[in-house]
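Colleague: model this:
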Amino acid sequence: MTAFAVRPGTSRQLAGTGTLLRFALRRDRLMIPVWIGVNALMVLSMPNTLEGLYGTAAERADLIRQMATNSSLRAMIGPVFDDSLGALTAWRVGVYAGALAAVTSLLVVVRHTRDEEESGRQELVASGMVGRRASLTSALLAAAVANAALALLVTAGLAGQGVAGALALGLGIAGAGMVFATMAAIVAQLTESARLARGLTAAVLGAAFLLRAAGDSATDDGSSILTWVSPLGWLENLRPYADERWWVLALLAGAVLLQGAVAYALAGRRDIGMSFLPTRPGPATGRLGSAGALAWRLQRGGVLGWSIGFLLAGVVYGGMTEGAADLVGDNAGARRIFERMGGHSGLTDAFLASMVGMLGLVAALYIVASVLRLHGEETSGRAEPVLANAVGRLRWAAGHLVIAFGGAALLMLLAGLGFALGYGRETGPVIGACLVQLPAIWVIGGLTVLLIGVLPRAAAAAWGIAGAVLLIGWVGPALDVPQAVLDLSPFGHLPKLPGGEMEWGPVLVLLGLAVVLVGTGLAGLRRRDMTT
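Modeller: Below you'll find the model as predicted:
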């Protein structure tokens, strides 16, 4: 009995960390490389793109002058600190690369902490020779491996523009990723639901982006207090390729260490499966008396958060439409990229169409996450009690799919309303342009349903599909890739609205494909065994 009273040492609390880390990396052998590849290619493709857009010193000087006076675009991208290609690369994609690294990190950490506890697998693992903090440590190390790989790729790929700047940008992006990895580790201790942990951490990331945007719109040098409150603002103020402020890395490292210490302290003060903010229990009656109502209860927080984000994004992008037209001006290269993304109907319409298309790509991430909630309910064992009652599999699945596909329609509608509010005119055409994105979004959702129904063990590959589509739509036009590559994405077949002509043929084909994919997936789900 005395042995149980002895507080275990640090080594015993971390026992089994290496094994769990290898297991985590094996499980994420698809997701992590795809997200890293998308992020790295986005960054490394930018110098050549910018050289084509702003090839002369006069063009770069004019860009800096316009950014100093264009607060709406500073809110979107940030201020420019130097006219070198390296500095312009850090300006154009630095904040977005940091945000994408943060998303990757929070997904990895929550998956290997709260997801494991929620499914019951962590209890089985803990019954072996595994330390109390081994799971949390392995999750953070998996995120660290992902961010380190991204930092190496960015540093090596941009070294030709200057080693110091490349190293600063690589470390800054990785540091931003680890800040949100440790933030997710804290939230995973506070909440009892992996879904809520991901949602809350993503909400913090969104708040960080908004704070940075508000600060940058107020000043042209990143000196606003709002910018300094945001970790993404720290990445910006690291100033790669512009007299690097190396001491800013200490802010990132300090936040990682402090948040990591809080997460470890919280992990040592709760039981497996428990949380500091437990879910309120209650009988499944009234509004929870059906499978659809239960699905809505499980996903309503995510739908609300995404809805607010899309509405605000529409307002912001709509408000900067005129500023974007002024920035492009007579720059033929920039005009060509916008026209390839948004059509040849005029620069303003092309910008609106390209921004609508970008939000459509982001909505594809929503529909993948929402449909995969169905798979999460199955693998966690929570679907079995529901299906043990007078609820068929198709009825159970339909509740989640209505929220996933209907929620995507709601997001694009709100984005259209936001564009109309921000731009101040052409309400009907811009809302129509947003809704035209739905067939392509639903095809991505249909592919996810197909994987769940036919290849449930490979359901996570849906994230890889969404990442590849995002990469094609985001980076492809800037790299001037062949049209055949762009056509690999369902978004490449949509009409370029507003401004272009409405083409019903491709839209109806994509709608039919989405129906076939969903139907095939549901047929597979109905016939196969349930997995755990």
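Colleague: give me the low-pLDDT residue ranges for the stretch 151-300 of the chain?
Modeller: 271-289 (pLDDT under 70).
Colleague: mind checking how far Gln437 is from Ser71?
Modeller: 28 Å (C-beta to C-beta, to the nearest Å). Just so you know, the C-beta spots here come from the backbone N, C-alpha and C atoms, and that holds for glycine as well.
Colleague: More neighbours: which of those two?
Modeller: With neighbours defined as other C-beta atoms under 10 Å, Gln437 and Ser71 compare such that Gln437 has more, 27 against 17.
Colleague: Do I have it right that the more buried one meets Ala363?
Modeller: Yes: the criterion here is C-beta atoms under 8 Å, and Gln437 meets it with Ala363 at 6.9 Å.
Colleague: okay, and the common contacts of the two?
Modeller: Met412 (C-beta atoms under 8 Å, 6 or more residues apart in numbering).
Colleague: what sits against Val163?
Modeller: Thr155.
Colleague: Residue ranges in the stretch 1-150 of the chain under the pLDDT threshold?
Modeller: Using pLDDT under 70, the flagged stretches of the stretch 1-150 of the chain are 1-11, 72, 126.
Colleague: Show me the helices in it, by range?
Modeller: Using DSSP state H, counting those that start in this stretch, the helices of the stretch 1-150 of the chain run over 2-5, 10-13, 17-27, 31-44, 46-53, 57-69, 71-76, 85-111, 114-119, 121-126, 134-158.
Colleague: Distance to His493 for these - can I get that in CSV?
Modeller: As requested, the helices of the stretch 1-150 of the chain are arranged in CSV below (distance: least, C-beta to C-beta, whole Å):
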stretch, distance to His493
helix 2-5, 64
helix 10-13, 54
helix 17-27, 34
helix 31-44, 21
helix 46-53, 24
helix 57-69, 33
helix 71-76, 27
helix 85-111, 25
helix 114-119, 35
helix 121-126, 41
helix 134-158, 31
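Colleague: closest to Glu384 out of those helices?
Modeller: Comparing those against Glu384 with C-beta to C-beta, the closest turns out to be helix 114-119 (12.6 Å).
Colleague: Give the other helices and strands that the closest one contacts.
Modeller: Under the contact criterion of 3 or more C-beta pairs under 8 Å, 6 or more residues apart in numbering; DSSP states H and E, helix 114-119 touches helix 121-126, helix 194-218.
Colleague: Would you pull up how far that helix lies from the middle of the chain?
Modeller: 21 Å (C-alpha atoms, centre = their mean, to the nearest Å).
Colleague: Specify the angle between the longest helix seen in the chain and helix 85-111 in degrees.
Modeller: Criterion DSSP state H: the longest helix present in the chain is helix 347-379. Orientation check (axes from the mean of the first three to the mean of the last three C-alpha atoms, to 10 degrees): helix 347-379 against helix 85-111 gives 20 degrees.
Colleague: elements contacting helix 347-379?
Modeller: Using 3+ C-beta pairs under 8 Å, 6+ apart: helix 347-379 touches helix 194-218, helix 291-319, helix 321-328, helix 332-342, helix 393-423, helix 427-436, helix 438-454, helix 461-479.
Colleague: Can you name the next helix or strand after it?
Modeller: Sequence-wise, the next helix or strand downstream of helix 347-379 (DSSP states H and E) is helix 383-387.
Colleague: quick one: contacts of that next one?
Modeller: Ala291, Leu294, Glu377, Arg393, Trp396, Met530.
Colleague: And the residue nearest the centre of the protein?
Modeller: Val103 (4.8 Å; C-alpha atoms, centre = their mean).
Colleague: ok, it to Ala168 distance?
Modeller: Counting by C-beta to C-beta, the gap from Val103 to Ala168 is 22 Å.
Colleague: picking that back up, for the helices and strands packed on helix 114-119, which one sits closest to Arg270?
Modeller: helix 121-126 (12.3 Å).
Colleague: How far away from the center of its chain is that closest one?
Modeller: The answer for helix 121-126 is 29 Å, by C-alpha atoms, centre = their mean.
Colleague: for that helix, packing partners?
Modeller: helix 114-119, helix 134-158.
Colleague: just the helices and strands packed on helix 347-379: most buried one?
Modeller: helix 438-454 (a mean of 26; mean count of other C-beta atoms under 10 Å).
Colleague: Quick one: the contacts of helix 383-387 as a markdown table, columns for distance to Ala207 too.
Modeller: Compiled in a markdown table, the contacts of helix 383-387 are given as follows (distance: C-beta to C-beta, whole Å):
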| residue | distance to Ala207 |
| --- | --- |
| Ala291 | 34 |
| Leu294 | 29 |
| Glu377 | 29 |
| Arg393 | 39 |
| Trp396 | 35 |
| Met530 | 38 |
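Colleague: What is the nearest of those residues to Leu266?
Modeller: Nearest member of the contacts of helix 383-387 to Leu266, counting by C-beta to C-beta, is Glu377, at 26.5 Å.
Colleague: Nearest spatial neighbour of that closest one, chain-adjacent residues omitted?
Modeller: Ala383 (4.6 Å; C-beta to C-beta, 6 or more residues apart in numbering).
Colleague: and Gly16, what are its phi and psi?
Modeller: phi 90, psi 0 (degrees, to the nearest 10).
Colleague: Same question for Arg29.
Modeller: phi -70, psi -20.
Colleague: contacting residues for Ala134?
Modeller: Here Ala134 is in contact with Gln13, Leu14, Ala15, Gly16, Thr17, Leu20 (C-beta under 8 Å, 6+ apart).
Colleague: Highest neighbour count among these?
Modeller: Leu20 (24 neighbours).
Colleague: how much space is there between it and Gly128?
Modeller: Leu20 is 10 Å from Gly128, by C-beta to C-beta.
Colleague: Tell me which of the helices of the stretch 1-150 of the chain is the most buried.
Modeller: It is helix 85-111: most buried of those by mean count of other C-beta under 10 Å, with a mean of 26.
Colleague: That one vs helix 46-53, what angle?
Modeller: Using the same axes, to 10 degrees: helix 85-111 against helix 46-53 is 140 degrees.
Colleague: counting contacts, what elements does helix 85-111 pack onto?
Modeller: helix 31-44, helix 46-53, helix 134-158, helix 163-190, helix 194-218, helix 231-237.
Colleague: TSV for those helices, including distance to Ala353?
Modeller: Formatted as TSV, these follow (distance: least, C-beta to C-beta, whole Å):
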stretch	distance to Ala353
helix 31-44	20
helix 46-53	19
helix 134-158	30
helix 163-190	29
helix 194-218	22
helix 231-237	27
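Colleague: mind checking which of these is nearest Asp115?
Modeller: helix 194-218 (4.3 Å).
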